[in-house]
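J.: Task: produce atomic coordinates for the following.
(2 chains)
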Amino acid sequence: MALLERLQRRATDVGLLPWLVQLLPRLALLSGLVGLAWLALWLPLEGNYRHTYISENALMPSQAYSYFRETEWNLLRGFRTQIKQLVNETSSSRNEIVGSWLEEIGVKTAIHTDSDNGDTLYGVLHAPRGDGTEAMVLAAPWHNGDGDFNLGGTALATALTRYFSRWPLWSKNIIVVFSEDPKASLRSWCNAYHSSLDLTGGSIESAVVLDYPGANDFFKYVEIYYAGLNGELPNLDLVNVAVHVTEHEGMPVSINGNPESEIGDSDFYAKMRKMLLGVQKMALSGVQTCYGNEAFSGYRIQSLVVKARGTGGPFDITTFGRIPEAMFRSVNNLLEKFHQSFFFYLLLAPRYFVSIASYLPAAGAFSVSFILAGLDNYLNSAKGLSSTSNSSYYSVVTILAFVVSLLAAFTLSQVFLQWTKPLVLVTISLLVSSVPLLPIKSKFTTVYAYRFKSIAFMYLSVVLTSLLVVNFALAFGIGLLAFPMILIKNTNSLKLRFKNSLMLMATNPFVCTCIFANVFEARLQGLVVIERLISAWTQLGCWSWFVICIGWLPVWLMVVFSSIPSADERRSVQSANAKKLQ
Amino acid sequence: MNLRELQVVAACLASRFGASTVFPLLQQQLDKSVEFSTPVTSYRSLQEGVFLIRNDFPLYSGGVVHHAPLLVALMSAFSSKNMVSLLYACADTMIAFQLIAMAKCFSRSPLPSWVPGALYVINPLVLLSTVSKSSVVFSNLAISTALLSALQGNSIIAAMAIAVAGYLSLYPLLLVVPMLALLQKDKLKTVFITAATLTALLLSSYKINDENWNYLFSTYGVIITFSKIIPNLGLWWYFFVELFEMFIPFFKAVFNLFVVSCIIPFSLRFHKQPFYAFILCLSWITLTKSYPTLGDGGFLLSFVPFFRPLYGYFRYSVISTLLFIHVTVLSPIFYHLWVDLGSGNSNFFYAISLVYALGLATVLVDLVWAMLRIEYDKGTPNLKLKMTPL
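T.: Numbering: from 1, shown residues only, chains lettered A, B, ... in the order given. Model (predicted):
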């Protein structure tokens, strides 16, 4: 106690508080930079990440011998030849034919019809040893995310179903799913499974999506995708099992579509790139190319995609089939739901990860940065108040203005949901960004300008904090991209106004998202990202569009308001200069 | 009652009733959220009780209903949905009106008397709590009636109201202690009337409940023993989820002692500021009760405007505001992570209920410190004098 008392007295004597208040803008800037550096530079350093481990002992990956080998080879090729003839058939006849094969094997099948998104054939293989309350899903969409016909994947799924049906050891039902595509149609099936379908096999514990396009027997390496919708990740144990099994069979693993040339790299920069790629994939999940694991988000299903890459190479298609086989053997051992290991993690390599406590401060720093900026603006506005004016009147007007911009942003999000015109949206954004350049004077005084920014930054900080745990990548992304907003100053000089306008353009939610997608995601060129944001909501139920519209846009609008030069600005600048001269 | 006050009261009635009728689904959503609904206050279980009582089934043998029998009987008299919404809106409006009337009792207050009522009207926690049709509204109404009557020196109504509050949700009965300090005279009579009213209520409940005493456990026993373990914003539930069986009775005793412990000390120490002591005791109960909701918290915060002279001494006002904002935003999110997605666990949600408790505690500590400071300064605020509060 005495020590604290002394510290407090000393702090008062030195004048710590006023000094800190003066430093607030710089502290806000520093905090944001610390957040970026924390993720990009600090975490990939040796000692900050950990080696992955299987935390649920029951999983025992690769402990049992995999038998999906040469004996199945001819069956698999037979199925593939047959399915190759179905490529140009209509989806209903394709489903009917493959469904009849499954029925022959002894699998109960049904077709989920969805006229908008495409029909889905699925079959339930009842567990010989279980009570039938839990299930594992093996999904093979007819067309994969790249639009290719998933010939190898669907042939494998059929062959594996036949192979699984002869084994008496299953204690969980196996559901095999053939959907039209890995996005809307698989999602529609998953939603229907949890609401309306008659043929069901209990709660789904895990889902593996097979992606093996083409008729090639050999491939080079395996890609694993795991980022789910709305920041959800599968349990790290499942990812570990997949990586373990794949590497055990000798295949190189790439996570999140990392290019082949970088698979073997394990230096600092490689770890950094892989982790940032993972964060980007998490943030754009549902918006970028969907490979299929996204379809299972929101129902407590641990799902991932294994994808074969390359047409020539040392590994044949049965080796690829041993990955789902061994994974199913592992998941089959589980006695309880996946829970022990981590649900919040970033992978720096297939076998290295950082857990939530280590990476959370990165996005937290942005939230703090906005709080500090908000506080700074609030104190600045208090400075401008004369002692006679009523402070709470200003507060009420500010809150009302904020409510108006929130409502405007909400309306805009709803309008463009129905009327998807990205070009219009971006054009409007660019026009509004140039408002500070117009020769108009705002009726609001500088006090309001500061108050507006203050409430906006505080709101953004609350939004980021609430996103922090739910969707780390989105929180970090918004924090990073919206960060330059705190640098916008209230000014009257033309040069600074020009700078403000540029800054506003750069931090506009839509313009900024487009630029980000164009730079970092080769598949999202032009303004496609905005269409995808909207379709991600309508088809998959991904919230990113609303987070951007309701969390970010009103803040930006308030900053635009406050950056219009106010009528009393010049006076205050002049009086400040006069004071300096005195 | 001037025009402004009338506007406040009308706005209260209109906002409550309007929100219930315009967004009929909102009630169900809120009633499902753990922040606004607990087993002892939820409207769903009240409706179940109404159904049981209308069909002459025993009320409490199913273990679903935990509301007082007379409340269930009262609700069964209302058949239409709009009437029920109107009843809740009226109860809440009464509270707003009583807050205005209380403000009038403090003639030296610098605050216009309509302000506490207006703040109550725009308080989102209370609004949502009323829309969720949580029975917290009725116990809050009884408490505010008791407080107002005690302020006006009407000991009989005060005693009866506090007995009703105790009858509805048990812990408010403790508020009789600070209320005695509030009443200048007739202290013995007050205690007697409270006891008599309570006995009458319990006996008539016994009659209504088919001459069966089992309602005592279902209503009060559940509150004391916390036998319905359901997550809420309180401090208790987590212990009973995590503890070994054999420790549980001990902790039940400790938590109940905890609720009672600070009532008499607060009332004694601040017996010269009885209204203030009453609010301190109320906040203590809100902090430590077994099934709290945000409705309790919102009701408590509505009394803070009365302490305008103490504002200068508040040291955590920014912190407590931020805590309350973050709790209201994060608690549904963490509950969603735990219960819907399964990626979080109970620790996430309990952490948030601890933050809520911290928010209430900062308000409580601030109030106590401010009152002690103003006592030290002999009633005239001397904000220039800095003291180290450690």
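J.: count of residues packed around A:A58?
T.: 14 (other CB atoms under 10 Å in any protein chain shown). Using the backbone N, CA and C atoms, a C-beta is placed for each residue, glycine as well.
J.: would it count as being in a helix?
T.: Yes. Under DSSP: H, G, I helix; E, B strand; the rest coil, A:A58 sits within a helix.
J.: pretty sure it contacts A:F338?
T.: No. Applying CB atoms under 8 Å as the test, A:A58 and A:F338 come out as separate, 10.5 Å apart.
J.: And the strands in chain B, which stretches?
T.: Under the criterion DSSP state E, chain B contains no strands.
J.: so where's it shaky on pLDDT?
T.: B:1, B:386-390 (pLDDT under 70).
J.: which residue does it bring closest to chain A?
T.: Of all residues in chain B, B:S343 sits closest to chain A, at 3.6 Å by CB to the nearest CB.
J.: That residue contacts A:Y345, correct?
T.: No. If you go by CB under 8 Å, B:S343 and A:Y345 don't touch, sitting 10.7 Å apart.
J.: In contact with the residue of chain B closest to chain A, which residues?
T.: B:S343 is in contact with A:E232, A:L233, A:F343, A:F344, B:L337, counting by CB atoms under 8 Å, 6 or more residues apart in numbering or on different chains.
J.: Between all of these, which two are separated the most?
T.: A:L233 and B:L337 (12.1 Å; CB to CB).
J.: neighbour-wise, which of those two wins?
T.: A:L233 (26 against 22).
J.: residue contacts, that one?
T.: A:Y226, A:A227, A:M282, A:F343, A:F344, A:Y345, B:S343.
J.: repeat that with 7 Å
T.: Neighbouring residues of A:L233 by CB atoms under 7 Å, 6 or more residues apart in numbering or on different chains: A:Y226, A:A227, A:F343, A:F344, A:Y345.
J.: Residue 170: neighbouring residues, count only.
T.: Picked chain A for this. 19.
J.: My question was about chain B, not that one.
T.: 22.
J.: shouldn't it be in contact with B:G221?
T.: No. At 9.7 Å, B:L170 does not count as touching B:G221 under the criterion of CB atoms under 7 Å.
J.: Check the burial of B:E5 by counting its neighbours.
T.: Count around B:E5 with other CB under 10 Å applied: 20.
J.: And A:I488, by the same measure?
T.: 22.
J.: Against chain B, how distant is it?
T.: 24 Å (CB to the nearest CB, to the nearest Å).
J.: That residue is in contact with A:N500, isn't it?
T.: Yes. Applying CB under 7 Å, one finds A:I488 in contact with A:N500, separated by 5.2 Å.
J.: Can you work out which residues contact both of these two?
T.: A:S563.
J.: Get me the contact residues on the stretch 251-390 of chain B for chain A.
T.: B:I325, B:H326, B:V329, B:L330, B:I333, B:L337, B:L341, B:G342, B:S343, B:T388, B:L390 (CB under 7 Å from any CB of the partner chain).
J.: Run through the residues that contact the fourth one.
T.: Which is B:L330. A:S466, B:I352.
J.: Tell me the spacing between it and A:M60.
T.: Applying CB to CB, to the nearest Å, the value for B:L330 to A:M60 is 38 Å.
J.: Also the fifth one?
T.: Taken as CB to CB, the spacing of B:I333 relative to A:M60 amounts to 35 Å.
J.: before we move on, what about the second one?
T.: Going from B:H326 to A:M60 by CB to CB gives 42 Å.
J.: which one of the two has more residues nearby?
T.: B:H326 (18 against 14).
J.: Run through the bridge partners of A:S566.
T.: A:S442 (DSSP bridges).
J.: How many residues are close by it?
T.: 21.
J.: got the contact list for it?
T.: Counting by CB under 7 Å, 6+ apart, A:S566 has contacts A:K441, A:S442, A:F444, A:T445, A:T446, A:A449.
J.: For the last one, which non-adjacent residue is closest in space?
T.: Nearest residue to A:A449, sequence neighbours excluded (CB to CB, 6 or more residues apart in numbering or on different chains): A:S562, at 3.9 Å.
J.: I'd assumed A:T446 was in contact with the one you found.
T.: No. Contact criterion CB under 7 Å: A:S562 and A:T446 do not qualify, at 8.9 Å.
J.: More neighbours: which of these two?
T.: Higher neighbour count among A:S562 and A:T446: A:S562, with 25 against 22, using other CB under 10 Å.
J.: Helix or strand: which one has the more buried one?
T.: Assigned by DSSP states H and E, A:S562 belongs to helix A:553-563.
J.: got the contact list for that helix?
T.: Under the criterion CB under 7 Å, 6+ apart, residues A:401-402, A:405-406, A:408-409, A:412, A:432, A:435-436, A:449, A:452-453, A:455-456, A:459-460, A:485, A:488, A:490, A:500, A:504, A:507-509 lie in contact with helix A:553-563.
J.: change it to 8 Å
T.: A:401-402, A:405-406, A:408-409, A:412-413, A:432-433, A:435-436, A:442, A:444, A:448-450, A:452-453, A:455-457, A:459-460, A:482, A:485, A:488, A:490, A:497, A:500, A:504, A:507-509.
J.: model confidence over it, on average?
T.: Summarised as a single mean, pLDDT over helix A:553-563 is 93.
J.: Show me which positions of it end up buried.
T.: The neighbour-count check on helix A:553-563 (16 or more other CB atoms under 10 Å in any protein chain shown) flags A:L553, A:P554, A:V555, A:W556, A:L557, A:M558, A:V559, A:V560, A:F561, A:S562, A:S563 as buried.
J.: Kindly format the C-alpha coordinates of it as PDB.
T.: The C-alpha trace of helix A:553-563 is given here as PDB (Å, rounded to 0.1, in the frame of the first residue of the first chain):
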ATOM      1  CA  LEU A 553     -19.100   2.100 -42.300                       C
ATOM      2  CA  PRO A 554     -20.800   4.300 -39.600                       C
ATOM      3  CA  VAL A 555     -17.400   5.000 -38.200                       C
ATOM      4  CA  TRP A 556     -16.100   6.100 -41.500                       C
ATOM      5  CA  LEU A 557     -19.200   8.200 -42.100                       C
ATOM      6  CA  MET A 558     -18.700  10.000 -38.900                       C
ATOM      7  CA  VAL A 559     -15.000  10.700 -39.700                       C
ATOM      8  CA  VAL A 560     -16.100  12.100 -43.100                       C
ATOM      9  CA  PHE A 561     -18.500  14.400 -41.300                       C
ATOM     10  CA  SER A 562     -15.900  15.600 -39.000                       C
ATOM     11  CA  SER A 563     -13.300  16.100 -41.800                       C
END
